[in-house]
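In: sequence? don't have it. structure:
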């Protein structure tokens, strides 16, 4: 037995030494992170704290120190994660709740912030002067004017290449639209958005029948539209987003009627077209990433479509100073003249250029004709096809972010189509390239 103990003792000592080498130094970690916290060495504190987490050390004060360090560096994504973990250790702590509330708020996740606030103590509510969530969140007005770039096209013959083919073509000269938006809460975990719009458009209309051409250079139409969308928070980071968009297009036409004394006069009448689109989507945050999927159905210009979308948003800095938004939508025509579909891809890049100015650069590629964009917010019901779009948007919040001004410019590459009567259903042929400019100015009040 004595010899056996002599043989085993060195092995036990070696094993104990090896275990001690991998055992986390709790006291050392606590002291070093505390010292870094007191010295405001935020980056080093995060590195030291996350290294400790990898070693299996995890407790309330460590999470709070890492969270506060991330908050001070404006990495709100990381701060949110650590404050939520801190609250798992101490769910009643007002300090963690206060930090978490502002981290969510500054990260643009208002509903998550208000959900956190529901568990505030009375003293914290009084400290932050936090009351019931306001009913009306914001009100906005946007006015848009679009105009044709290549005006020389108005001097051309716009019918098809074959004069024996009956049909028609229209080219948009300009349009002006006004949209008013209202956003209000429907509880602490939901927001509803309404948008009411009016659009007036002037276009060239040229038709061909039995080789006889009829042309009007100042045709006009108007449309009214209403958009309704909801955003509902489920859990801590998941949102359900339903939306519906209705467009009523009013196209005037004139008929001749006989009056007294065999005189004739023109009567203005209207053709009404009813378009709509609906979608249902889900969004979820994963740290510095937000992903979304949605499905939609639309009926535009007597064409029915189904579509699916996937979106991906990246916040590299963990805040709103830099972000990238990508969206791809694949649509399929299920009823109408066209029996095909295809992908439409859009890309946005936004960044804070100055303390009070954000700049967004964006582009879109794909065939957008009788098409509803993701979340049904935009409906493309023009008779032409938009192939490419590029734009720049300036966003300037003022007066403690309660007032926001925006200016958006975009250019698109569009094709005007000749709709030929080669069959009972009109077929688009003979595209002509037209380019349009669009300028939008907006103002938004936040309450």
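Out: Ah, there it is. These numbers were taken from a predicted model, which means no experiment stands behind them.
In: pLDDT weak spots in the chain?
Out: Filtered on pLDDT under 70, the chain yields the residue ranges 1-24, 132-134, 159-163, 254-268, 336-339, 399-401, 423-426.
In: domain ranges for it?
Out: For the chain, automatic domain parsing gives the domain ranges 21-128, 136-446.
In: In JSON lines: these, plus mean neighbour count.
Out: C-beta: built from backbone N, CA, C; applies to glycine. Formatted as JSON lines, the domains of the chain follow (neighbours: other Cβ atoms under 10 Å):
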{"stretch": "domain 21-128", "mean neighbour count": "17"}
{"stretch": "domain 136-446", "mean neighbour count": "16"}
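In: what is residue 443 paired to in the beta sheet?
Out: Here residue 443 sits in beta bridges with residue 141, residue 405, as judged by DSSP bridges.
In: ok, it to residue 179 distance?
Out: Look at residue 443 and residue 179: by Cβ to Cβ, to the nearest Å, they are 12 Å apart.
In: what's the overlap in contacts for these two?
Out: 141-142 (Cβ atoms under 8 Å, 6 or more residues apart in numbering).
In: who touches residue 221 in this structure?
Out: Under the criterion of Cβ under 8 Å, 6+ apart, the contact list for residue 221 reads 200-201, 203, 249-252.
In: how far is the helix or strand it falls within from where the chain is centred?
Out: In the assignment (DSSP states H and E), residue 221 maps to strand 212-234. Distance of strand 212-234 from the chain centroid (Cα atoms, centre = their mean, to the nearest Å) equals 20 Å.
In: Strands of the stretch 251-400 of the chain, residue ranges please.
Out: 264-286, 289-300, 303-314, 322-335, 341-354, 357-368, 371-372, 379-380, 385-398 (DSSP state E, counting those that start in this stretch).
In: Centre of the chain to the last one, how far?
Out: Relative to its chain's centre, strand 385-398 lies at 12 Å (Cα atoms, centre = their mean).
In: The fourth one too?
Out: Averaged C-alpha coordinates place strand 322-335 at 11 Å from its chain's average position (Cα atoms, centre = their mean).
In: ditto for the longest one
Out: Centroid separation between strand 264-286 and its chain, computed with Cα atoms, centre = their mean, is 20 Å.
In: Now do that strand against strand 303-314: the angle between them, please.
Out: Following axes from the mean of the first three to the mean of the last three Cα atoms, to 10 degrees, one obtains 40 degrees for the angle between strand 264-286 and strand 303-314.
In: Partner strands of strand 264-286, with direction?
Out: If you go by DSSP bridges, strand 264-286 pairs up with strand 238-258 (antiparallel), strand 289-300 (antiparallel).
In: Then the fourth one?
Out: Each strand paired with strand 322-335, and its direction, by DSSP bridges: strand 303-314 (antiparallel), strand 341-354 (antiparallel).
In: what residues does the first one touch?
Out: Just to be clear, that refers to strand 303-314. 279, 281, 283, 288-299, 323-338, 341, 370-372, 374.
In: circling back: in a markdown table: the strands paired with strand 322-335, plus distance to residue 81.
Out: What follows is the strands paired with strand 322-335, written out as a markdown table (distance: least, Cβ to Cβ, whole Å):
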| stretch | distance to residue 81 |
| --- | --- |
| strand 303-314 | 16 |
| strand 341-354 | 23 |
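In: what residues are up against the closest residue to residue 82 other than its chain neighbours?
Out: Using Cβ to Cβ, 6 or more residues apart in numbering and skipping the chain neighbours, the partner closest in space to residue 82 is residue 67 (3.5 Å). When contacts are counted by Cβ under 8 Å, 6+ apart, residue 67 touches 78-79, 81-83, 86, 96, 99, 103.
In: What is the end-to-end distance of stretch 119-139?
Out: Separation of the first and last residues of stretch 119-139 by Cα to Cα, to the nearest Å is 29 Å.
In: just how off-centre is that stretch within its chain?
Out: For stretch 119-139, the separation from the chain centroid amounts to 27 Å (computed by Cα atoms, centre = their mean).
In: now stretch 95-109
Out: 22 Å.
In: From here on, call the first residue 131.
Out: Okay, residue one is now 131; in that scheme the one you just asked about reads as stretch 225-239.
In: Now tell me what touches it from outside.
Out: Stretch 225-239 is contacted from outside by 194, 197-198, 201, 204, 206-207, 209-210, 213-214, 216-217, 220, 240, 242-243, 246-247, 249-250, 254, 257-258, 415, 445, 448-450, using Cβ under 8 Å, 6+ apart.
In: can you tell me which of those are in strands?
Out: Counting by DSSP state E, the part of these found in strands is residue 415.
In: Using CSV, please lay out the strands of the stretch 381-530 of the chain together with distance to residue 338.
Out: Conversion of the strands of the stretch 381-530 of the chain to CSV gives the following (distance: least, Cβ to Cβ, whole Å):
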stretch, distance to residue 338
strand 394-416, 20
strand 419-430, 25
strand 433-444, 23
strand 452-465, 26
strand 471-484, 29
strand 487-498, 25
strand 501-502, 27
strand 509-510, 25
strand 515-528, 20
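In: Quick one: closest of these to residue 550.
Out: strand 515-528 (15.4 Å; Cβ to Cβ).
In: quick one: contacts of the closest one?
Out: For strand 515-528, contacts defined as Cβ under 8 Å, 6+ apart pick out 486-499, 510, 533-545, 547, 561, 568.
In: quick one: it to strand 471-484, angle?
Out: Strand 515-528 runs at 20 degrees relative to strand 471-484, counting by the same axes, to 10 degrees.
In: Give the pairing partners of strand 515-528; include direction for each.
Out: Partners of strand 515-528 in the sheet, by DSSP bridges, are strand 487-498 (antiparallel), strand 533-550 (antiparallel).
In: now the contacts of residue 351 in TSV, with distance to residue 269?
Out: Below are the contacts of residue 351 laid out as TSV (distance: Cβ to Cβ, whole Å):
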residue	distance to residue 269
330	23
331	26
333	32
379	26
380	27
381	31
382	32
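In: Do a quick rundown of the helices in the stretch 181-330 of the chain.
Out: 190-202, 206-219, 224-236, 240-247, 252-258 (DSSP state H, counting those that start in this stretch).
In: Any chance of those helices in a markdown table with distance to residue 348 as columns?
Out: Listed next are those as a markdown table, based on distance: least, Cβ to Cβ, whole Å:
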| stretch | distance to residue 348 |
| --- | --- |
| helix 190-202 | 59 |
| helix 206-219 | 53 |
| helix 224-236 | 51 |
| helix 240-247 | 46 |
| helix 252-258 | 58 |
